[in-house]
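Undergrad: curious how this folds, go ahead:
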Amino acid sequence: DNEPALWASTHAKLHPAALTYAELLSRTIEAAAMIKALSPKAIVLGPVLYGYTAYINLQDAPDAGEHGDFLSYYLDRLESEEATRQQRLVDVLDLHWYPEARGGGVRIIGTETGAAVVAARLQAPRSLWDPSYVEESWITDCCVEGGIDLLGGLKKRIALHYPGTKLSFSEYYYGAGQHISGAIAQADVLGIFGREGVFAATLWPLDDKLAFIHAAFKLFLDFDGAGGRFGDTSVEALTNDDAKSSVYASVDAADPGRMVLVLLNKTNGVLDAALTIQHSLAFTQAALFRVSGSSPAIQTLAPLSLEQTNAFNLSLPPMSVTTVLLTP
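TA: Residues are numbered from 1 along each chain as shown. Purely as a prediction, here's the structure:
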């Protein structure tokens with residue numbers, strides 16, 4: 001079921017008592033075993049937790065003091081169950097992630113676009129992977145030393161307690177679907193999820209103003225309006241300033257003669273990017289597609305001819321997402 005740590009409040013008539021570690025584990029094993037018996041190839045996701053406190057102690061579960069960190073307990077016990085049954089029951093560790101980051105006291109997941117909350121929204125994706133980035137939130141105040149590094153911490157738990165478990169986020173949202181900051185944050189998150197090997201993710205919008213969010217998806221999945229998309233294999237891409245910019249790069253097994261980049265300018269000024277590509281092919285053309293400013297419409301820009309071998313300069317306008325299709 002959904003967000004079980006909250007059952008005592010969201011489903012009080014059905015489950016008035018606070019959920020325990022032991023009960024959730026028991027229910028997980030029972031349900032997953034029945035699913036696997038009926039459909040052995042089914043992919044089972046769990047435990048579908050609502051947020052950070054649930055990850056740590058299942059919303060102050062009565063038996064939290066006995067067992068410690070909930071996700072470690074959950075993974076560890078499922079690994080033991082697999083050893084007993086000779087069958088994996090839960091394939092994917094599934095969580096919800098609505099960032100708690102704030103700017104000027106305002107949480108980023110709403111529609112607010114004041115300067116402070118926009119700045120916080122643009123940096124919030126770094127809490128997924130960058131231990132050096134410390135956001136303004138109750139999580140960094142109470143529960144971690146330094147940055148959150150959410151994906152790093154989750155992958156460490158999986159490696160230690162139940163190797164081979166995939167990771168998914170069946171709900172997430174970074175806010176401002178009606179604003180360029182929402183597009184930049186969404187594009188950043190898509191790049192991070194792909195680079196870091198997240199198995200699946202599902203956008204769960206908190207309002208119906210999503211034009212810029214849709215634009216961010218299109219810059220990965222249909223940037224030219226004809227099915228042009230990011231490749232199926234992420235390759236290393238680095239920027240010298242993670243606060244100001246992000247870059248994601250891909251190649252594609254089905255079309256090895258192309259490389260696709262997604263470049264983010266998270267500042268209010270122009271960034272002049274000097275790009276160097278390491279590839280066995282010599283790319284000569286760069287097709288450019290962009291979202292910036294007040295319109296979510298994807299702009300098709302004039303293509304570039306690369307005068308140097310696999311190196312070119314590109315001016316990125318303020319607050320923008322640019323997809324680059326490189327071809328020989």
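Undergrad: would you state the strands of the stretch 151-300 of the chain in chain order?
TA: 166-172, 200-203, 233-235, 245-251, 259-265, 271-276, 285-292, 295-305 (DSSP state E, counting those that start in this stretch).
Undergrad: which of those strands is buried the deepest?
TA: Comparing these by mean neighbour count (mean count of other Cβ atoms under 10 Å), strand 259-265 comes out on top with a mean of 24. For the C-beta atoms, the positions are set from N, CA and C on the backbone; glycine is no exception.
Undergrad: centre of the chain to that one, how far?
TA: 17 Å (Cα atoms, centre = their mean, to the nearest Å).
Undergrad: which elements pack onto that strand?
TA: helix 180-195, strand 245-251, strand 271-276, strand 311-316, strand 320-327 (3 or more Cβ pairs under 8 Å, 6 or more residues apart in numbering; DSSP states H and E).
Undergrad: quick one: mean pLDDT over the longest one.
TA: Just to be clear, that refers to helix 180-195. The pLDDT scores in helix 180-195 average 98.
Undergrad: quick check: angle from it to strand 259-265?
TA: For helix 180-195 against strand 259-265, the angle by axes from the mean of the first three to the mean of the last three Cα atoms, to 10 degrees is 140 degrees.
Undergrad: helix 180-195 versus strand 285-292: what angle between them?
TA: Going by the same axes, to 10 degrees, helix 180-195 makes 130 degrees with strand 285-292.
Undergrad: same check on the second one?
TA: Counting by the same axes, to 10 degrees, strand 245-251 points 140 degrees away from the direction of strand 285-292.
Undergrad: tell me which strands strand 245-251 pairs with, and in which orientation.
TA: strand 233-235 (antiparallel), strand 259-265 (antiparallel) (DSSP bridges).
Undergrad: chain center to that strand, what's the gap?
TA: On Cα atoms, centre = their mean, the centre of strand 245-251 falls 14 Å from that of its chain.
Undergrad: convert the C-alpha atoms of that strand to PDB, please.
TA: Backbone C-alpha positions of strand 245-251 (Å, rounded to 0.1, in the frame of the first residue of the first chain) are rendered in PDB as follows:
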ATOM      1  CA  SER A 245      25.900  24.700 -14.200                       C
ATOM      2  CA  SER A 246      25.100  21.000 -14.800                       C
ATOM      3  CA  VAL A 247      26.000  18.900 -17.800                       C
ATOM      4  CA  TYR A 248      24.800  15.400 -18.800                       C
ATOM      5  CA  ALA A 249      26.000  13.400 -21.800                       C
ATOM      6  CA  SER A 250      24.900  10.200 -23.500                       C
ATOM      7  CA  VAL A 251      25.600   7.800 -26.400                       C
END
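Undergrad: touching that strand from outside, list them.
TA: Outside strand 245-251, the residues that touch it by Cβ atoms under 8 Å, 6 or more residues apart in numbering are 125, 187-188, 191, 194-195, 230-239, 258-267, 271, 273, 279, 316.
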